[in-house]
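A.B. asks: below are the sequence and a predicted model for it; my questions follow.
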Amino acid sequence: LDYNDFLDDADALLEAMDLDGVLQVASFHPQYQFAGTEPGDAENLTNRAPFPILHLLREASVDRAVSAYAEPETIIERNLATVRALGHDGWDNLLES
């Protein structure tokens, strides 16, 4: 919960610095959990990392990457399918290697 509060502070700082729309925060955490999911659901693995991490992304770079991808709306579903296929054991093996 403290990490979620910190994310709110980071987003508020971007707004206060007039960088909302220029930069965005992508967050990763060892216990990341999307709203409406259970802690053990595979889709949470897409935003998990060994340590809490904030990535600052340039929105223009994200826009360029998305526009270069033939079907950007499929990215999230493909990522979810990949982590579901890996399962927790496969995910743990990736982190260990």
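C.D. replies: Structure's in. What do you need? Residues are numbered from 1 along each chain as shown.
A.B. asks: what mean pLDDT does the longest helix anywhere in the chain get?
C.D. replies: Determined from DSSP state H, the single longest helix within the chain is helix 75-96. Averaged over helix 75-96, pLDDT sits at 88.
A.B. asks: dihedrals phi and psi, the residue lying closest to residue 95 once chain neighbours are set aside?
C.D. replies: Ranked by C-beta to C-beta, 6 or more residues apart in numbering and with sequence neighbours excluded, the top spatial neighbour of residue 95 is residue 50, at 6.4 Å. C-beta here means a position set from N, CA and C on the backbone, and glycine is covered the same way. Backbone torsions of residue 50, given as degrees, to the nearest 10, read phi -60, psi -30.
A.B. asks: helices of the protein, start to end?
C.D. replies: Per DSSP H, the chain carries helices over the ranges 2-16, 59-68, 75-96.
A.B. asks: out of those, nearest to residue 46?
C.D. replies: Judged by C-beta to C-beta, the one of the helices of the chain that comes nearest to residue 46 is helix 75-96, at 5.2 Å.
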